[in-house]
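S.K.: Just to be clear, the model below is a prediction. Sequence and coordinates:
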Amino acid sequence: QVQLVESGGGLVQAGGSLRLSCAGSGRTFSRDAMGWVRQAPGKEREFVAAITWTGSSTYYADSVKGRFTISRDNTKNTLYLQMNSLKPEDTAIYYCAASLRSTAGIRVGDGIDYWGKGTLVNVSS
């Protein structure tokens, strides 16, 4: 069974940091574009960050640029999101996503082939 399983979410004060992980199983994701998408309460899902399969190119939403860093370890079939200087508006469920095609599919949201079940990040003011 192919799975993406997120971990690392939790409650943190504004200004704090969290590191999310997404472990893949059932197949290798080392040749796939991967990324993070989030959904805040009462809002639609929105793109957060994406990374090419080589890790050579990364993309970020303007709202997180300079604060979040996406990375991957293909030897561990794992994706990461380091989140610093967290703000209350970062509160959301964070989903790991993989695209067999490109990071554009993750950025636009119409080319995601695999989803994780999400991990909750709650930033208190």
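M.R.: Here it is on my side, so go on.
S.K.: Who is the nearest residue to R45 once chain neighbours are set aside paired with across the strands?
M.R.: Among residues not flanking R45 along the chain, Q39 sits closest, at 4.4 Å (CB to CB, 6 or more residues apart in numbering). Backbone N, C-alpha and C define where each C-beta goes, glycine included. In this structure, Q39 has beta-bridge partners R45, I93, where bridges are defined by DSSP bridges.
S.K.: who's in contact with Q39?
M.R.: R45, E46, A92, I93, Y95, G118 (CB atoms under 8 Å, 6 or more residues apart in numbering).
S.K.: how much space between it and V48?
M.R.: In this view, Q39 and V48 are 10 Å apart by CB to CB, to the nearest Å.
S.K.: okay, which residue is most central for the protein?
M.R.: Ranked by distance to the mean C-alpha position of the chain (CA atoms, centre = their mean), the top residue is W36 at 2.2 Å.
S.K.: so it is in which element?
M.R.: strand 33-39 (DSSP states H and E).
S.K.: same question for that strand, mean pLDDT?
M.R.: When pLDDT is averaged along strand 33-39, the result is 98.
S.K.: Export only the CA atoms of it, formatted as CSV.
M.R.: What follows is the C-alpha trace of strand 33-39 in CSV, where atoms were taken according to Å, rounded to 0.1, in the frame of the first residue of the first chain:
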residue,chain,number,x,y,z
ALA,A,33,8.2,16.2,-7.3
MET,A,34,6.9,16.7,-3.8
GLY,A,35,5.5,19.4,-1.7
TRP,A,36,3.4,20.7,1.1
VAL,A,37,-0.2,22.0,1.0
ARG,A,38,-2.1,23.4,3.9
GLN,A,39,-5.7,24.0,4.8
